[in-house]
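# quick one, fold the following:
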Amino acid sequence: MEHYGFWSLLPPIIAIGFAIKTKQVFVSLLFGIWLGWVILVGGNPINGTTATIQALVDVFKEPSNTRTIMFSCLVGALIAFIQRSGGVDGFILAVNRFLDRLEHKKIGKPRKIVQVLAWLTGTAIFVESSINALTVGTLFRPIFDKLKIPREKLAYIADSISAPTCILIPLNAWGAYIMGLIAAQGFDNPLGVLVASYPFNFYPILAAGLVVFIIFSGKDFGPMKKAEFRAKTEGKVIRDGAVPLISSDVISLPAKDGVKSRAVNMVVPIAVMVLMMPLMLMYTGWPLVKDIHQYPFFEQVFLALGSGSGSTAVLYSVLTAIIVSIILYTSQNIFSFKETIDLVFKGISGLIPLALLMMLAFAIGTVCKELGTGLYAAELSKQWLAPDFVPVIVFMVACFIAFSTGTSWGTFAIMIPIGIPMAQALDANVYFTLAAALGGGVFGDHCSPISDTTIIASMASASDHIDHVKTQLPYALFAGIITAIIYLILGVLIH
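Residues are numbered from 1 along each chain as shown. Have a look, this model is predicted:
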């Protein structure tokens, strides 16, 4: 049995719906996992409970899951270091001097300039989506706080340029993974097919472009408009009662007494983390590419990047940044050995909620896979088959699968093998269809509450996770609806 029919849709839908409604994301996800296992074991709640407990334990059987959870915790140590070393204060001073010079020359407004800088920073880091969101959130949170820009807005910016940027600039593991799926459909030139589909990959283009429009126009809508009003009128960058994914004890750590505020103490560790990411992807991927030396050098690098382990790369990147931080701060006589160890544990403890949320997200993803949620959703779409409607149907189904399961790559793996043969059999446009599958997958990675990128964007910006999801979702839906309309029109005009 490949799926459990309608029952396969209930656990993710109920879990996500309850999380958004009640703001109790941990309880909601745990209930969704439990419900899924009750269905899988035949409706017995006792067996479903024991299976749920075992499933949570089994999350750590998958090395990539364990590495991601470790990375999520260790990020706390890095943030504690840059706070306590005076790096954050130094970075704020440096940015303020830059903004003062621009204001003196009457170039732009500080609030807009900082938001554009955050967008540009994320656009430049296209190697890996988690590092992208983490860097933007960590670098710009103190500046956004000082300028009274809501943390929900920072989380939205960080999230909206992570997955979209990674898929639009395919010199990373995303590009190689997608080309592998395309090659499996019998195409001799998967890179050419991928590049040909890019002009039609409307969702990530619109999602990233909408951020720029919102920044310059100030035309916020939905819950984000309320968040902006709260921040401007009350000076509150986060709502009363909100629970950030990172402990306030970590993000509000003051600089150590007597330590000079230096931007370098923040910029160097972050830069090391970002630069290590492609190096570690190449290091882990190089041995996996068969006969790699027969290719031109540039192609060797590309193949190695695409074959590398993303979870290994992010973990080693953060560990390297922490080690460099320790060396940097020791050379300045900022921390003693005991203070260094204490900060590491304080930072890790501040991100335990994030690690728990990651574990639950992985567990509900496994339940969805066992239930065949994606396969059932894809099967439902077949009753609407017609050449004109193939791109829009593929896009909408991919959006639903990605949002429900929280994984873009899993959505690609389901929808590309279904969508491309569907387009070929019905004489629909293959490039439109491929772009629709990719854009729909990015939609889920962009805004699903259980996507790792969405979770990391909330953490890095110190935003309440459900507040981030609720404020971002109207923008994602707006871009998604426009994309669906475009696919519908183009599907009728060209197939």
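# which ones are touching F443?
203, 207, 398-399, 402-403, 476, 480 (Cβ atoms under 8 Å, 6 or more residues apart in numbering). In this view, the C-beta of every residue, glycine as well, is placed from N, C-alpha and C.
# can you count the residues close to the residue nearest to P110 when sequence neighbours are not counted?
Distances taken as Cβ to Cβ, 6 or more residues apart in numbering place L99 nearest to P110, at 4.5 Å, with adjacent residues excluded. By other Cβ atoms under 10 Å, 21 other residues sit near L99.
# how near is L99 to F216?
17 Å (Cβ to Cβ, to the nearest Å).
# got it, and S331?
In terms of Cβ to Cβ, S331 sits 42 Å off from F216.
# what about the stretch 201-350 of the chain, any weak spots by pLDDT?
Scanning the stretch 201-350 of the chain for pLDDT under 70 picks out the ranges 306.
# rerun at 80
245, 247-253, 289-293, 295-308, 310 (pLDDT under 80).
# what does the stretch 351-495 of the chain give?
354, 374-388, 417-418, 421-422, 425-428, 491-495.
# the helix or strand where K226 lies: what's the following helix or strand?
Assessed by DSSP states H and E, K226 sits inside helix 223-234. Next along the chain after helix 223-234, taking DSSP H and E as the criterion, comes helix 248-251.
# other SSEs contacting the helix or strand just after that next one?
Beyond helix 248-251 on the C-terminal side, the first helix or strand identified by DSSP H and E is helix 264-285. Contact analysis of helix 264-285 by 3 or more Cβ pairs under 8 Å, 6 or more residues apart in numbering; DSSP states H and E lists helix 63-84, helix 87-104, helix 129-146, helix 297-307, helix 310-331 as its packing neighbours.
# out of these, which one sits most buried?
For the helices and strands packed on helix 264-285, the largest average neighbour count (mean count of other Cβ atoms under 10 Å) is found in helix 129-146, namely a mean of 26.
# dump the C-alpha coordinates for whichever helix or strand comes after it into PDB.
Downstream of helix 129-146, the next assigned helix or strand under DSSP H and E is helix 151-160. The C-alpha coordinates for helix 151-160 follow below in PDB (Å, rounded to 0.1, in the frame of the first residue of the first chain):
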ATOM      1  CA  ARG A 151      11.700  40.700  14.400                       C
ATOM      2  CA  GLU A 152       8.900  39.200  12.400                       C
ATOM      3  CA  LYS A 153      10.000  41.400   9.500                       C
ATOM      4  CA  LEU A 154      13.600  40.200   9.800                       C
ATOM      5  CA  ALA A 155      12.500  36.600   9.900                       C
ATOM      6  CA  TYR A 156      10.400  37.200   6.800                       C
ATOM      7  CA  ILE A 157      13.400  38.800   4.900                       C
ATOM      8  CA  ALA A 158      15.800  36.000   6.000                       C
ATOM      9  CA  ASP A 159      13.300  33.200   5.100                       C
ATOM     10  CA  SER A 160      12.200  34.800   1.800                       C
END
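# which parts of the stretch 301-450 of the chain are helices?
310-331, 337-350, 352-371, 373-380, 390-405, 408-425, 430-447 (DSSP state H, counting those that start in this stretch).
# which helix of the chain spans the most residues?
Counting by DSSP state H, the longest helix found in the chain is helix 465-493.
# buried ones in that helix?
465-476, 479-480, 483-484, 486-488, 490-491 (16 or more other Cβ atoms under 10 Å).
# repeat for stretch 334-342
334-335, 340.
# ok, those vs H293, which is closest?
T340 (42.3 Å; Cβ to Cβ).
# apart from its neighbours in sequence, what residue is nearest the closest one?
Among residues not flanking T340 along the chain, I326 sits closest, at 5.8 Å (Cβ to Cβ, 6+ apart).
# against L360, how distant is the one you found?
Distance from I326 to L360, by Cβ to Cβ: 32 Å.
# before we move on, what about I482?
In terms of Cβ to Cβ, I482 sits 32 Å off from L360.
# I'd say V318 and C73 touch.
No. The pair formed by V318 and C73 falls short of the contact definition of Cβ atoms under 8 Å, at 9.5 Å.
# so for the host helix or strand of F18, what gets flagged as buried?
Secondary structure from DSSP H and E places F18 in helix 10-22. For helix 10-22, the neighbour count (16+ other Cβ under 10 Å) marks 10-12, 15-16, 18-19 as buried.
# can you give me the end-to-end distance of stretch 276-292?
The separation between the terminal residues of stretch 276-292, taken as Cα to Cα, to the nearest Å, is 22 Å.
# swap that for stretch 77-92, please
Using Cα to Cα, the span of stretch 77-92 from its first residue to its last is 20 Å.
# so which of the buried residues of stretch 334-342 is the closest to K61?
T340 (32.5 Å).
# show me the contacts for that closest one.
326, 329-330.
# equivalent analysis for F412, please.
177-178, 181, 437-438, 441.
# I455 versus D445, what's the distance?
11 Å.
# just L35 next, same as before
Distance from L35 to I455, counting by Cβ to Cβ: 21 Å.
# neighbour-wise, which of the two wins?
Neighbour comparison, L35 and I455: the larger count goes to I455, with 27 against 21 (by other Cβ under 10 Å).
# so that one: helix, strand or coil?
helix (DSSP: H, G, I helix; E, B strand; the rest coil).
# report the separation between it and I16.
In terms of Cβ to Cβ, I455 sits 13 Å off from I16.
# could you do A457 as well?
Look at A457 and I16: by Cβ to Cβ, they are 17 Å apart.
# show me what contacts the residue nearest to I92 when sequence neighbours are not counted?
Nearest-residue entry for I92: P142, 5.3 Å, with adjacent residues in sequence omitted and distances by Cβ to Cβ, 6+ apart. Applying Cβ under 8 Å, 6+ apart to P142 gives the contacts 88, 91-92.
# could you dump those into JSON lines and include distance to P199 and pLDDT?
Shown next, in JSON lines, are the contacts of P142 (distance: Cβ to Cβ, whole Å; pLDDT from 0 to 100):
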{"residue": "V88", "distance to P199": "41", "pLDDT": "85"}
{"residue": "F91", "distance to P199": "38", "pLDDT": "87"}
{"residue": "I92", "distance to P199": "41", "pLDDT": "85"}
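# out of the residues you listed, which one sits closest to F31?
V88 (37.8 Å).
# is it true that the closest one touches F81?
No. V88 sits out of contact with F81 when judged by Cβ under 8 Å, with a separation of 10.1 Å.
# which strands and helices sit next to the longest helix of the chain?
helix 10-22, helix 151-160, helix 202-217, helix 223-234, helix 390-405, helix 430-447, helix 452-460.
# select, out of those, the one closest to K61.
That would be, of those and by Cβ to Cβ, helix 452-460, which comes in at 17.8 Å.
# pull out the buried residues from that closest one.
Result for helix 452-460 [16+ other Cβ under 10 Å]: buried residues 452-460.
# just want the angle from that helix to helix 337-350.
130 degrees (axes from the mean of the first three to the mean of the last three Cα atoms, to 10 degrees).
# other SSEs contacting helix 452-460?
Short answer (3+ Cβ pairs under 8 Å, 6+ apart): helix 452-460 packs on helix 63-84, helix 129-146, helix 151-160, helix 352-371, helix 430-447, helix 465-493.
# format these as JSON lines; extra columns: distance to L279.
Below are these laid out as JSON lines (distance: least, Cβ to Cβ, whole Å):
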{"stretch": "helix 63-84", "distance to L279": "16"}
{"stretch": "helix 129-146", "distance to L279": "12"}
{"stretch": "helix 151-160", "distance to L279": "23"}
{"stretch": "helix 352-371", "distance to L279": "24"}
{"stretch": "helix 430-447", "distance to L279": "24"}
{"stretch": "helix 465-493", "distance to L279": "30"}
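# out of those, which gets nearest to D257?
helix 63-84 (10.5 Å).
# contacts only, for F202.
F202 touches 435, 439, 482-483, 486-487, counting by Cβ under 8 Å, 6+ apart.
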